[in-house]
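A.B. asks: after the sequence you'll find the predicted model.
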Amino acid sequence: MRPGVDLVGGFASLRPAYVRNCGKDRSMQPSPKLPMGCRSSPKRGPAPSNFTDARLSSIIVNLGRRRTASGEGPSTLQAAARRRRVTSDQELFAKGLATYQKIVAGNFLAHEQAYQALHEVLVSEAKEDFVFVDLACGAAPYSAAALAGTGVVRYVGVDISRPALEIAREKLAPLACPIELRCKDFVEAIDAWEGWLDVVWIGLSLHHLRTSEKRAFMGKVERLIPRDGLFLIWEPTCLEGEDREGWVERFSTYLKGLPMSLDELAAMDSHQRASDYAETAATWKGMAREAGFEKADQLFTSPDRLTGMYLFRR
């Protein structure tokens, strides 16, 4: 296996005890926007910096997805309805860009530690030469840092926000591998995928699907993963015995403790009540097993116990 590396500039800090220190580092600052473009040829450049406005806008778009249960596969009409909801939510939540920027800059949702955990898995568990598929990637600054020093031979990023992908081209420049960026809804991208998926990663986006949709999506990913492939997710997680409403109220209480204005807190609370569908750890793992994955492990729990990271293998 490959040794770990010090990812200077990619994270505010990469600490071995990432679970213990989760949420303590509040030093992140947004970076200026970068030149536009949607694809990048492999080349080296400066280490990836932190979030930009376009990345935050992309996150808000992905956080704003609300879908109704649809069984094994959405119809053309359902897909069109989903796109309309995304557009509507993008307009609504783009107004709260500065609010979400504060949350990311403060590391309140533990982005740094989650992506350090991803890096460690890629170093220790992924095969020597792998294709990395980054679903709902946004501008991908954290993904670029997580992939530094690994055996990635090709990066494929998928996101519905073209401005975020334009930023991602520069953020991913340090990676010495071919980079492909696809402007598409991640569900539709997997529906149309051809070929194997060595490593699939999705963070804080899968929970916008309802339970039946999550299960169907996982089944589609499982059929595209080879025997030595990895499927990793980082998503809101209910406590055992807690339902969605309980998680929503717990997150609402957590938000009230953050250093933000009442208007900012109200905007975030309104979003999560409308769009977030957390599952228990047992449900996340159970859905993966039902989808065909033989191994389902929880790797990461945030100190506030609001999110968890999971690794699924065939």
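C.D. replies: Structure received.
A.B. asks: from here on, just use CA atoms for contacts and neighbour counts.
C.D. replies: Fine.
A.B. asks: then the helix or strand harbouring residue 213 to PDB, C-alphas only?
C.D. replies: Using DSSP states H and E, residue 213 falls within helix 211-222. What follows is helix 211-222, C-alpha atoms only, in PDB (Å, rounded to 0.1, in the frame of the first residue of the first chain):
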ATOM      1  CA  THR A 211     -35.400   5.800   1.200                       C
ATOM      2  CA  SER A 212     -36.700   3.800  -1.800                       C
ATOM      3  CA  GLU A 213     -34.700   6.000  -4.100                       C
ATOM      4  CA  LYS A 214     -31.500   5.600  -2.100                       C
ATOM      5  CA  ARG A 215     -32.000   1.800  -2.100                       C
ATOM      6  CA  ALA A 216     -32.500   1.800  -5.900                       C
ATOM      7  CA  PHE A 217     -29.500   4.100  -6.400                       C
ATOM      8  CA  MET A 218     -27.200   1.900  -4.300                       C
ATOM      9  CA  GLY A 219     -28.300  -1.100  -6.400                       C
ATOM     10  CA  LYS A 220     -27.300   0.600  -9.600                       C
ATOM     11  CA  VAL A 221     -23.900   1.500  -8.200                       C
ATOM     12  CA  GLU A 222     -23.400  -2.000  -6.900                       C
END
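A.B. asks: tell me the helices and strands packed up against that helix.
C.D. replies: helix 186-191, helix 281-291 (3 or more C-alpha pairs under 8 Å, 6 or more residues apart in numbering; DSSP states H and E).
A.B. asks: contacts for the last one next, please.
C.D. replies: Residues outside helix 281-291 that contact it (C-alpha atoms under 8 Å, 6 or more residues apart in numbering) are 214-216, 218-219, 222, 237-240, 295-298, 308, 310, 312.
A.B. asks: repeat the analysis, applying 10 Å as the threshold.
C.D. replies: Contacts made with helix 281-291 from outside it, assessed by C-alpha atoms under 10 Å, 6 or more residues apart in numbering, are listed as 211-212, 214-223, 231, 233, 235-241, 278-280, 293-298, 301, 307-314.
A.B. asks: hang on, the earlier thing: need the helices and strands packed on helix 211-222 in a markdown table (columns: distance to residue 152).
C.D. replies: As requested, these are arranged in a markdown table below (distance: least, C-alpha to C-alpha, whole Å):
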| stretch | distance to residue 152 |
| --- | --- |
| helix 186-191 | 20 |
| helix 281-291 | 24 |
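A.B. asks: helix or strand right after the helix holding residue 213?
C.D. replies: Beyond helix 211-222 on the C-terminal side, the first helix or strand identified by DSSP H and E is strand 230-238.
A.B. asks: what about the helix or strand following that following strand, average pLDDT?
C.D. replies: Next in sequence after strand 230-238, counting helices and strands by DSSP H and E, comes helix 244-256. For helix 244-256, the mean pLDDT works out to 96.
A.B. asks: how about helix 244-256 as CSV, C-alpha atoms only?
C.D. replies: Listed next in CSV are the C-alpha coordinates belonging to helix 244-256 (Å, rounded to 0.1, in the frame of the first residue of the first chain):
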residue,chain,number,x,y,z
ARG,A,244,-36.2,11.8,10.5
GLU,A,245,-38.2,14.3,12.6
GLY,A,246,-35.9,13.5,15.6
TRP,A,247,-32.8,14.1,13.5
VAL,A,248,-34.2,17.3,12.1
GLU,A,249,-34.9,18.7,15.6
ARG,A,250,-31.4,17.6,16.7
PHE,A,251,-29.8,19.4,13.8
SER,A,252,-32.0,22.4,14.4
THR,A,253,-30.7,22.5,18.0
TYR,A,254,-27.2,22.2,16.8
LEU,A,255,-27.7,25.1,14.4
LYS,A,256,-28.8,27.4,17.2
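A.B. asks: re earlier: winner for burial among the helices and strands packed on helix 211-222?
C.D. replies: helix 281-291 (a mean of 20; mean count of other C-alpha atoms under 10 Å).
A.B. asks: tell me the angle of it relative to helix 211-222?
C.D. replies: For helix 281-291 against helix 211-222, the angle between stretch directions is 50 degrees (axes from the mean of the first three to the mean of the last three C-alpha atoms, to 10 degrees).
A.B. asks: outside of the following helix or strand past helix 281-291, which residues touch it?
C.D. replies: Secondary structure here is assigned by DSSP H and E; on that basis, the next helix or strand after helix 281-291 toward the C-terminus is strand 295-301. Contacts of strand 295-301 from elsewhere in the structure, counted by C-alpha under 10 Å, 6+ apart, are 18-20, 22, 110, 113-114, 117-118, 121, 231-237, 281-282, 284-289, 307-314.
A.B. asks: just for the chain, where's the confidence low?
C.D. replies: Residues of the chain that meet the criterion pLDDT under 70 lie in 1-101, 104.
A.B. asks: can you give me the strands for it?
C.D. replies: Along the chain, counting by DSSP state E, strands occupy 130-135, 152-159, 179-183, 199-203, 230-238, 279-280, 295-301, 307-313.
A.B. asks: helices or strands next to the second one in the packing?
C.D. replies: Packed against strand 152-159 by the contact rule (3 or more C-alpha pairs under 10 Å, 6 or more residues apart in numbering; DSSP states H and E) you find helix 53-63, strand 130-135, helix 141-147, helix 162-171, strand 179-183, helix 186-191, strand 199-203.
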